[in-house]
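Chemist: dropping a prediction and its sequence here:
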Amino acid sequence: MCGIIGYIGKENAVPIILDGLKRLEYRGYDSAGIAIMNEKGFEVAKQKGRLTALEELIKQRPIKGYIGIGHTRWATHGEPSDINSHPHVGSKNKIAIVHNGIIENYKQIKERLEQKGIKFVSQTDSEVIAQLAEYYYNGDIVETVIKTANALEGSYALGIMCLDEPNKLIAIKKDNPLIIGVAEHGNFIASDVPAILKHTNRVYYLNDKEIAVLTKSGVEFYNMDREPIYKEPEIITWSVDSAEKGGYEHFMLKEIMEQPRAIRDTIQSVLANGDNGKVIESLDVTRFSKFVITGCGSAYNAGVVAKYVFEKLCRVPVEVELASEFRYKDPIIDNNTLVILISQSGETADTIAAMREAKRRGAVTLSIVNVMGSTIAKETDYTLYTMAGPEIAVATTKAFSAQLVMLYLLAVTFARKLGKLSDEEERKLFSEIASLPDKVSEMLKNVDTIQKYATTCVGYKSIFFIGRNIDYAIALEGSLKLKEISYIHSEAYAGGELKHGTISLIEDNTLVVAISCCERLYEKIYSNVEQVISRGAKVLFIGNCIKALPGEKLEIVNIPVINELFSPSLSVIILQLFSYYVAANKGLDIDKPRNLAKSVTVE
Ligand code: BG6
């Protein structure tokens, strides 16, 4: 996810764009750039690093103009660098663009243009748009944008300037947000409202494949047949701060709601012949005698879930290790071991150390990370990128869900390569995984039950989570989420463990969250539920195979049915929402919980 902004009007575009980028930095901060069109042509300032670095650069080399575009980047193709920063200008220096999104057919377009002698300078998919638009340009930029958009597959929100038509700023989008703002001194394009709210609260939301043509005096809208279309402006009533969260009270809730897209984009990056798919296919998995999965916090929990999936499908032993333990335990690994390192930030010190320890002992290393160009991403033998976009809340949600789905896809592909699955069986499992985004979307439309129930849970000193098999694994994540943001003590137990000690903790009014998505184990976990209720506990029962009826001590939340191996992606949604609403009812600082950091880059 990146942030784009553009301006055309009576005022100097540079400070307006830089200020807007500041409010869009939460959408990505690998690099930032700005292009101004003035009597000298295009003046471009862009570089790797935070926006402050760009502001410094512009202080050294001031630029000025009344039309410009700006970009703050979250790298998806081509790691963070000056040359991969946006804006991108075509080789004829005629068209400049900023892009948010992923162009899935960029390689084919790039090859075709290179065969025509067009020289590319970056590794990004976005540069293809500028080069293709220049290649098509015939003196009519709107026509050119239509033709270019028709050639693109994937998602985009675009700001476009053309040197031959200096009084126009063009915008078009597909699958990524883009708004048009109109103020008395000028007009704007932006990825979302926060970037321009200080200038105007009158905005138009572009729909897919609508084109906006902005001039100093106004904006016109067209469809792909270049027919004018009429659009109603909306009046924004948000505060600037709430606008950054897309109207949600916390980034965490916004990111919970973004999970269908994060899961869908991650699936696409593997199944739609994406870069991740190629990396997985390139791996000779037959050489490994075991897999070791390691990470910290939620990343570790994703590994515990994955152990059940890999062992069930690949029939290869899987060890899951806390990275902080692994690095000091003299691990039994060698060049027949695949060590999978999971890390959202790619910068967690313990996980970096575990990675280096694994490499030192000759293991093959594969990482699943969310930040391009991060230390772990750069140093492992194989790197898979979750496509969750920047995650701001300290307690991970969308990145965790993207990790899960990446692990499922990895396990299914490995199982087929190991001959444990036929092509047909692999295809069936892929289609189950591909059904996750819609199932999660459905669940996110009905949060009332869990929201209401959570309000009754703020007084607890301790809350227990139980499950069996893969439900136990996701119970670990549910328990961690609750602890991280509500500060309520919590433990997760394998249901079968209750009788070996922990049931002594159950007393009147203890709250137990039980998870049941393994139909074959329903009777077992339900007997745990009955045991704890008989000792005075209340139970929140989450699952897709629950036969019991709700009662005074038993609250039931049903979730969609799916192969139990992939059910953690659904049960975790309820667990995330439960923790979020408990913490929200306690009025806590959910996005920045006390004592925690988004990434612990020290030991
Ligand atoms: C913790 C975060 O600091 O680090 C957790 O609070 C996270 O949410 C853990 O799971 C690991 O971080 P990463 O970036 O390596 O996944």
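Modeler: Ah, there it is.
Chemist: what sits up against stretch 248-260?
Modeler: By C-beta atoms under 8 Å, 6 or more residues apart in numbering, the residues outside stretch 248-260 that reach it are 26, 242, 245-246, 388-389, 391-393, 395, 397-398, 401, 437-438, 440-441, 444, 485, 573, 576-577, 580, 584, 590-591. Glycine gets a C-beta too; all of them are placed from N, C-alpha and C.
Chemist: just stretch 428-446 next, same as before
Modeler: In contact with stretch 428-446 (C-beta under 8 Å, 6+ apart) are residues 256-257, 259-261, 263-264, 267, 271, 313, 401, 405, 408-409, 412, 421, 559-560, 562-563, 566, 569-570, 573-574.
Chemist: ok, now with 7 Å
Modeler: For stretch 428-446, the surrounding residues in contact (C-beta atoms under 7 Å, 6 or more residues apart in numbering) are 257, 259-260, 263-264, 267, 271, 405, 408-409, 412, 559-560, 562-563, 566, 569-570, 573.
Chemist: helix or strand for residue 114, just tell me which one.
Modeler: Taking DSSP states H and E as the criterion, residue 114 maps to helix 106-115.
Chemist: now that helix: buried residues?
Modeler: 106, 109-110, 113 (16 or more other C-beta atoms under 10 Å).
Chemist: what pLDDT does the residue positioned nearest the centre of the chain get?
Modeler: Geometric centre of the chain, nearest residue: residue 388, 1.2 Å, by C-alpha atoms, centre = their mean. Predicted confidence (pLDDT) for residue 388: 92.
Chemist: for it, which residues are in contact?
Modeler: Each residue near residue 388 by C-beta under 7 Å, 6+ apart is listed here: 262, 370, 398-399, 402.
Chemist: from residue 365, how far off is the residue of the stretch 151-300 of the chain found nearest the ligand?
Modeler: Shortest the stretch 151-300 of the chain-to-the ligand distance, computed as C-beta to the nearest ligand atom: residue-wise this is residue 297, at 2.9 Å. Residue 297 is 20 Å from residue 365, where distance means C-beta to C-beta, to the nearest Å.
Chemist: more neighbours: which of those two?
Modeler: residue 297 (25 against 22; other C-beta atoms under 10 Å).
Chemist: need the phi and psi values for that one.
Modeler: Per-residue torsions, residue 297: phi 50, psi -130 (degrees, to the nearest 10).
Chemist: what's the closest non-adjacent residue to it?
Modeler: Among residues not flanking residue 297 along the chain, residue 480 sits closest, at 6.6 Å (C-beta to C-beta, 6 or more residues apart in numbering).
Chemist: how many residues are close by that neighbour?
Modeler: 22.
Chemist: element containing it, please.
Modeler: Using DSSP H and E, residue 480 sits within helix 470-486.
Chemist: give the other helices and strands that that helix contacts.
Modeler: helix 297-314, strand 462-467, strand 489-494, strand 511-516, helix 568-585 (3 or more C-beta pairs under 7 Å, 6 or more residues apart in numbering; DSSP states H and E).
Chemist: how far does that helix sit from its chain's centre?
Modeler: Distance of helix 470-486 from the chain centroid (C-alpha atoms, centre = their mean, to the nearest Å) equals 20 Å.
Chemist: hey, which helix is longest across the protein?
Modeler: helix 398-417 (DSSP state H).
Chemist: for it, the distance to its chain's centre please.
Modeler: With C-alpha atoms, centre = their mean, you get 15 Å for helix 398-417.
Chemist: what is the mean pLDDT for it?
Modeler: Rounded mean pLDDT across helix 398-417 is 98.
Chemist: swap in stretch 571-582?
Modeler: Mean per-residue pLDDT for stretch 571-582: 98.
Chemist: hmm, it touching the ligand?
Modeler: No: against the ligand, stretch 571-582 shows no contacts by C-beta under 6 Å from any ligand atom, the least distance being 11.8 Å.
Chemist: what's that stretch in contact with?
Modeler: Outside stretch 571-582, the residues touching it (C-beta under 7 Å, 6+ apart) are 252-253, 256, 397, 401, 440, 443-444, 447, 450-451, 454-455, 457-458, 471, 474, 477-478, 481-482, 485-486, 488, 515, 517, 542, 557, 559, 590.
Chemist: using TSV, lay out the buried residues of helix 106-115 together with pLDDT and distance to residue 125.
Modeler: Below are those laid out as TSV (pLDDT from 0 to 100; distance: C-beta to C-beta, whole Å):
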residue	pLDDT	distance to residue 125
106	96	4
109	98	9
110	98	8
113	98	13
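Chemist: out of these, which is nearest to the ligand?
Modeler: Nearest member of those to the ligand, counting by C-beta to the nearest ligand atom, is residue 106, at 28.0 Å.
Chemist: spatially nearest residue to that closest one (excluding sequence neighbours)?
Modeler: Using C-beta to C-beta, 6+ apart, the nearest residue to residue 106 is residue 125, at 3.6 Å.
Chemist: kindly indicate whether that neighbour is helix, strand or coil.
Modeler: coil (DSSP: H, G, I helix; E, B strand; the rest coil).
Chemist: pLDDT below threshold where in the stretch 1-150 of the chain?
Modeler: Judged against pLDDT under 70, the stretch 1-150 of the chain has no low-scoring part.
Chemist: returning to that earlier point: can you give me the pLDDT of the residue of the stretch 151-300 of the chain closest to the ligand?
Modeler: If you check residue 297, the pLDDT there is 97.
Chemist: which intervals of the stretch 201-350 of the chain have sub-threshold pLDDT?
Modeler: For the stretch 201-350 of the chain, the ranges with pLDDT under 70 are 238, 240-243.
Chemist: quick one: the helices in it?
Modeler: With helices called from DSSP state H, counting those that start in this stretch, the stretch 201-350 of the chain shows them at 240-244, 251-257, 259-271, 275-282, 297-314, 323-326, 349-360.
Chemist: residues contacting the shortest one, please?
Modeler: The contact list for helix 323-326 (C-beta under 7 Å, 6+ apart) reads 294-296, 350-351, 354, 357.
Chemist: who wins on neighbours among these?
Modeler: Ranking the contacts of helix 323-326 using other C-beta under 10 Å puts residue 351 first, with 31 neighbours.
Chemist: was I right about that one contacting residue 295?
Modeler: Yes: between residue 351 and residue 295 there is a contact under C-beta atoms under 7 Å: 5.7 Å.
Chemist: what residues are shared contacts of the two?
Modeler: With C-beta under 7 Å, 6+ apart as the test, residue 351 and residue 295 both reach 323, 341, 343.
Chemist: near the ligand too, which of these?
Modeler: Subset of the shared contacts of residue 351 and residue 295 in contact with the ligand: residue 343, counting by C-beta under 6 Å from any ligand atom.
Chemist: which one of the shared contacts of residue 351 and residue 295 is nearest the ligand?
Modeler: residue 343 (3.3 Å).
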